[in-house]
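Participant: Curious how this folds, go ahead:
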Amino acid sequence: MAEEKLLIRKAMMADARVLAAILNKSWQAAYREIIPAAELRRHTTMERRYRKMRELLNQPEPGLYLATLRQQPCGMVMLGPSRDEDLADYGEIIAFYILPEFWGQGVAQQLMDFVLKRLKEQGYSHILLWVLKNNARARRFYEISGFSSDGRSRAEQFSNAPLTLRYRLNLAERQAEQG
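Facilitator: The predicted model follows:
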């Protein structure tokens, strides 16, 4: 059976609640063993996320995209210029989340293909992202997608201070490897 095509579009203000729900459900599934439960609950309240999504969507170029499959919201990404001073010429994948019920269905790979194409269209030849060290599933996916850790890490602002690792990708090298 052929893989179903993911539809991806720029997010609009009317999508704020859907984006918040995707983030919350994804965080709860992916980070339940990484972030302390009370803090995870506090960070995934609908009102908190909804307010944050509205703030982001109110910016001139929020770089937020919503993905749907079979007319159902299934994922979201946020892209932009690098926030890391030492990699100022890089594009950054700021957020990349898929609803857990869509994990393992090819959604993430289609969304990653879109993200890399979009960042290349914006003039970036190098991409970075940050991923929690203990998020083995995400790290595997990013590594399969051609990203590798550059050795840089930072502690996140949770009581257990989980580490995030910086991953980078050179788009030209990825294209050469893919032939």
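
Participant: in the protein, which helix or strand is least confident?
Facilitator: helix 171-178 (a mean of 75; mean pLDDT, DSSP states H and E).

Participant: could I have it exported to PDB, CA atoms only?
Facilitator: Taking Å, rounded to 0.1, in the frame of the first residue of the first chain, the C-alpha atoms of helix 171-178 are listed here in PDB:
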ATOM      1  CA  LEU A 171      22.200  19.800   3.500                       C
ATOM      2  CA  ALA A 172      24.700  19.400   0.700                       C
ATOM      3  CA  GLU A 173      26.300  16.300   2.300                       C
ATOM      4  CA  ARG A 174      22.900  14.800   3.000                       C
ATOM      5  CA  GLN A 175      21.900  15.300  -0.700                       C
ATOM      6  CA  ALA A 176      25.200  13.700  -1.900                       C
ATOM      7  CA  GLU A 177      24.700  10.700   0.400                       C
ATOM      8  CA  GLN A 178      21.200  10.200  -0.900                       C
END
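
Participant: Which phi and psi values does the closest residue to Lys25 other than its chain neighbours adopt?
Facilitator: Leaving aside its sequence neighbours, Lys25 sits nearest to Leu99 (Cβ to Cβ, 6 or more residues apart in numbering; 5.7 Å). For glycine as for every other residue, the C-beta is placed from the backbone atoms N, C-alpha and C. Leu99 has phi and psi values of phi -60, psi 140 when expressed as degrees, to the nearest 10.

Participant: so Leu99 touches Leu69, yeah?
Facilitator: No. Using Cβ atoms under 8 Å, Leu99 is not in contact with Leu69, being 9.5 Å away.

Participant: helices or strands up against the least confident helix or strand of the chain?
Facilitator: Applying 3 or more Cβ pairs under 8 Å, 6 or more residues apart in numbering; DSSP states H and E, we find helix 171-178 packed against helix 107-121.

Participant: how near is the residue nearest to His43 when sequence neighbours are not counted to Asp113?
Facilitator: Sequence neighbours aside, Trp27 is the residue nearest to His43 in space, at 6.8 Å (criterion: Cβ to Cβ, 6+ apart). Here the distance between Trp27 and Asp113 works out to 24 Å (Cβ to Cβ, to the nearest Å).
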